[in-house]
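Novice: pasting the sequence and the predicted coordinates here, then a few questions.
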Amino acid sequence: MKTNTGRCERHLDHPLKGYSADILFFGITIFIPLFMENGYLNLTQAKAHAIYVTVVFSALALGISAALVQKDGCAAQRTRKLYAIDYILLGFALILLLSTLSSQNIREAFFGSAGWRVGSAAMLSLIYVYFMVSNHYNVSINAWIFVLAANTAIFLLTIFHSMGIDVLGLHKKIDPAQFYLYVSTLGNVNWLSGYLCLMLPVFFVFFLLSARRTQTLLFGSVLLLGLSNVLLCGSDSIFLGIWTCTFFALPFALKELRRVRKLGVLFLAFGINALLIGCLPAFAEKKDAMHGVFSVILDWKAALAISLLGLFCCFALPLWWKKLSGQTLKKITLALELLMLISLFAMIFMFVKSYDESWGNYRGRIWNTSAEVFQCLNLKDKLIGVGPEMLRYYYNGLTSHSQIVLTAHNEFLQWLLTTGILGAACQAAMSLWLIASYFRCRCWEHKNIAFFLPLMAYLGQATVNSPNAMNIALFYLFLALYRKSIDALGN
């Protein structure tokens, strides 16, 4: 009897299940960001294809694993604890199917071909990713070496493109006027914004936690390139992600003096990056194309102030920091959090005061139209939506900068229209679960904050951006890794 039990458990965790999860991890963190089919033409389609290829290979490995288990006559299943987020995603999957089947064109809703290819096929694939990775992937710091290498290439390409150098000839087939709007293998600068919000917080946490000099150097070097990409992004949406990430990261970053010093190094690196980009002639055209917050940061005075702040955190602050008690540090952290909340209310006030149709690069017009569309929907469509990526048929030829608008340019609004009140409720429940888990698990005291911060940063920038295949895939991967880390903590 004991022998049979041993065989069952060994085959339940068959190596092929681990390989299946590994395929998903490396496929989403390396293959999808790097994959392109026809330059920047049909890039959304290329990224969606990359998702399908990754999921198919993973499913093959899983199928072979299941066949091997069945061959040995072991049908028992190991029970795993289910969390609220698991039920939320299963509910969202059901709503996606209902919304697709009730849409005016099932095929287009399924593949998302009427929009940015985030149809129900892609989303159901990503829900599969979530359950596979959260159950079978074994997190290893060594795996991130390959991710670092891929991101080094991605970030270097962005730098070259921002200097007007088209290294791989990716810009040949697009309008020359859009040269600085499309960068690296990621696409539009708004997609770069979402990508940076997802990847940099992970590298940031690993950098602060790294004890070995080699790891510190590796993560620090890629972070340095990533910070230059933040400055070259040109999309103000990234600062929404940075704000959200910073709010939740403060208790973690200020917990130890060693982390504060490393934080100072990052401030110094950011300031020097801003000085170089603002002053070097090679970036002059890119700099002229950027406005808003970027024009302020790239001014030499602001860049110098950020650099001096970094020097202060590295050398002067530690002398005072050592004398502080734990209670005083908590009060300082709470004061900074309060200042951030005040800044949030100030931003909301400015938004309300300045909002019109031209706000946010004409997002105001898109949001107003979206509100009108929702009001005109029948009860069924209000409950389960018009179908994933089907908004072009409801916007009645709405254009922005001479291009037909395909998405709502706000992720929550996008899900509200395409999957209805029920789908939007699932998305809201997921966000609430994440925030509740942060406090319940005291994430700022654990390494799993590395997977929590990118989720919050993504949700921050998603208030002005729509989901695309590459970034939403990364989001679900990190959601799975975060869920797995909570399981490991026993919460």
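Specialist: Perfect, I can see it now.
Novice: pretty sure residue 395 contacts residue 407?
Specialist: No: Residue 395 is beyond contact range of residue 407, at 9.5 Å (criterion: Cβ atoms under 8 Å). Any C-beta I mention is one placed from the backbone N, CA and C, and that applies to glycine too.
Novice: more neighbours: which of these two?
Specialist: Remark: of residue 395 and residue 407, residue 407 carries more neighbours, 23 against 19, as counted by other Cβ atoms under 10 Å.
Novice: what is the neighbour count of the residue nearest to that one when sequence neighbours are not counted?
Specialist: Closest residue to residue 407 apart from its sequence neighbours, by Cβ to Cβ, 6 or more residues apart in numbering: residue 466 at 3.6 Å. Counted with other Cβ under 10 Å, residues neighbouring residue 466 total 26.
Novice: look up how far residue 389 lies from residue 466.
Specialist: Relative to residue 389, residue 466 is positioned 10 Å away (Cβ to Cβ, to the nearest Å).
Novice: which residues do those two both contact?
Specialist: Taking Cβ atoms under 8 Å, 6 or more residues apart in numbering as the contact rule, the neighbours common to residue 466 and residue 389 are 116, 407.
Novice: the residue nearest the centre of the chain: what's it in contact with?
Specialist: Nearest to the mean C-alpha position of the chain, counting by Cα atoms, centre = their mean, stands residue 198 at 3.3 Å. Residue 198 is in contact with 454, 457, 458, 471, 474, 475, 478, counting by Cβ under 8 Å, 6+ apart.
Novice: equivalent analysis for residue 429, please.
Specialist: Residue 429 neighbours (Cβ under 8 Å, 6+ apart): 84, 88.
Novice: cool, and the one 5 residues further on?
Specialist: When contacts are counted by Cβ under 8 Å, 6+ apart, residue 434 is found next to 452, 455, 456, 459, 482.
Novice: quick one: end-to-end length of stretch 349-365, please.
Specialist: 19 Å (Cα to Cα, to the nearest Å).
Novice: quick check: buried residues in it?
Specialist: Neighbour counts using 16 or more other Cβ atoms under 10 Å place 360, 361, 362, 363, 364, 365 of stretch 349-365 among the buried residues.
Novice: what is the mean pLDDT for the helix or strand hosting the fourth one?
Specialist: Right, the one you point to is residue 363. Residue 363 belongs to helix 359-376 when elements are defined using DSSP states H and E. The average pLDDT within helix 359-376 is 94.
Novice: got it, and stretch 453-469?
Specialist: So the average pLDDT for stretch 453-469 ends up being 96.
Novice: what about it, how long is it end to end?
Specialist: Stretch 453-469 end-to-end distance (Cα to Cα) = 20 Å.
Novice: let's have the contacts of residue 434 in CSV, adding neighbour count, distance to residue 297 and secondary structure.
Specialist: Listed next are those as CSV, based on neighbours: other Cβ atoms under 10 Å; distance: Cβ to Cβ, whole Å; DSSP: H, G, I helix; E, B strand; the rest coil:
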residue, neighbour count, distance to residue 297, secondary structure
452, 29, 26, helix
455, 27, 25, helix
456, 23, 22, helix
459, 22, 23, helix
482, 25, 30, helix
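Novice: which of those residues sits closest to residue 95?
Specialist: Proximity of those to residue 95 (Cβ to Cβ) peaks at residue 459, which lies at 19.3 Å.
Novice: leaving out sequence neighbours, find the closest residue to that closest one.
Specialist: Excluding the flanking residues, the one nearest residue 459 by Cβ to Cβ, 6+ apart is residue 431, at 6.0 Å.
Novice: tell me which helix or strand comes right after the helix or strand where residue 17 lies.
Specialist: Residue 17 belongs to helix 15-26 when elements are defined using DSSP H and E. Next helix or strand after helix 15-26 toward the C-terminus (DSSP H and E): helix 32-34.
Novice: just checking, what packs against whichever helix or strand comes after that following helix?
Specialist: Going down the chain from helix 32-34, the next helix or strand is helix 43-71, by DSSP H and E. Contacts defined by 3 or more Cβ pairs under 8 Å, 6 or more residues apart in numbering; DSSP states H and E place helix 43-71 against helix 2-12, helix 15-26, helix 32-34, helix 120-136, strand 187-188, helix 469-489.
Novice: so where is the stretch 251-400 of the chain shaky, pLDDT-wise?
Specialist: Along the stretch 251-400 of the chain, no part satisfies pLDDT under 70.
Novice: ok, residues contacting stretch 406-426?
Specialist: Contact partners of stretch 406-426, identified using Cβ under 8 Å, 6+ apart, comprise 88-89, 91-92, 95-96, 99, 114-116, 360, 363, 366-367, 370, 373-374, 381-392, 394, 427-428, 459, 462-467.
Novice: quick check: mean pLDDT of that stretch?
Specialist: pLDDT averaged over stretch 406-426 gives 97.
Novice: before we move on, the earlier item: tell me the helices and strands packed up against the helix holding residue 363.
Specialist: Taking 3+ Cβ pairs under 8 Å, 6+ apart as the contact cut, helix 359-376 packs with strand 399-400, helix 411-440.
Novice: what separates residue 98 from residue 315, distance-wise?
Specialist: When residue 98 is compared with residue 315 (using Cβ to Cβ), they lie 59 Å apart.
Novice: between those two, who's got more neighbours?
Specialist: More crowded of residue 98 and residue 315, by other Cβ under 10 Å: residue 98, with 20 against 11.
Novice: element containing the more buried one, please.
Specialist: helix 84-101.
Novice: mind listing what's buried in that helix?
Specialist: Those would be 85, 88, 89, 92, 93, 95, 96, 98, 99, 100, for helix 84-101 by 16+ other Cβ under 10 Å.
Novice: try stretch 389-406
Specialist: So for stretch 389-406, counting by 16+ other Cβ under 10 Å, buried means 389, 390, 391, 392, 394, 395, 398, 405, 406.
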